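Participant: coordinates for the following, if possible.
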Amino acid sequence: MNPARLAMAYQACEVADLARTAVTLHDPVEARAQAELVLAAARRLSAAAARLTDTGPPADPLQHFAYQHPEEAAADIADWLRHHPGTGEAPGGAD
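Facilitator: So this is what the prediction gives:
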């Protein structure tokens with residue numbers, strides 16, 4: 001399992017969940033605040049993607065978890081994918 005890909009997948013799940021919430025909000029102030037959370041999560045996704053070529057440890061706790069517990073992270077992502085049909089296959093293969 002590639003921990004960098006697992007970390008990216010964790011962050012992508014977070015972005016998707018936050019974005020899903022954002023589009024359901026009717027209050028413009030709440031929607032804007034939620035959009036800011038989506039952007040912050042997207043920045044963390046971008047940082048996780050940078051880890052594909054950077055061997056340093058991640059600073060983000062979610063990404064760090066994927067590095068420290070790759071089997072559990074992969075199971076979490078697989079569970080997320082099962083609950084969100086049509087989102088693709090679980091990452092983390094041997095690259």
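Participant: what's around residue 82, how many residues?
Facilitator: 10 (other Cβ atoms under 10 Å). Backbone N, C-alpha and C define where each C-beta goes, glycine included.
Participant: residues touching it, list them.
Facilitator: Under the criterion of Cβ atoms under 8 Å, 6 or more residues apart in numbering, the contact list for residue 82 is empty.
Participant: for it, grab phi and psi.
Facilitator: Dihedral pair for residue 82: phi -60, psi -30, per degrees, to the nearest 10.
Participant: look up how far residue 76 lies from it.
Facilitator: Between residue 82 and residue 76 the computed distance is 11 Å (Cβ to Cβ, to the nearest Å).
Participant: can you show me the helices along the chain?
Facilitator: 3-22, 28-50, 61-68, 70-82 (DSSP state H).
Participant: can you check what angle separates the shortest one from helix 70-82?
Facilitator: In other words, helix 61-68. Relative orientation of helix 61-68 and helix 70-82, computed by axes from the mean of the first three to the mean of the last three Cα atoms, to 10 degrees: 120 degrees.
Participant: can you show me the CA trace of helix 61-68 as CSV?
Facilitator: Included here for helix 61-68 are C-alpha records, laid out as CSV according to Å, rounded to 0.1, in the frame of the first residue of the first chain:
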residue,chain,number,x,y,z
PRO,A,61,-3.1,14.5,11.3
LEU,A,62,-5.4,12.7,8.8
GLN,A,63,-2.6,12.2,6.4
HIS,A,64,-0.3,11.1,9.2
PHE,A,65,-2.8,8.5,10.2
ALA,A,66,-2.7,7.0,6.7
TYR,A,67,1.1,6.7,7.0
GLN,A,68,1.1,5.2,10.5
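Participant: name the helices or strands packed onto it?
Facilitator: helix 3-22, helix 28-50, helix 70-82 (3 or more Cβ pairs under 8 Å, 6 or more residues apart in numbering; DSSP states H and E).
Participant: good, we can wrap up now.
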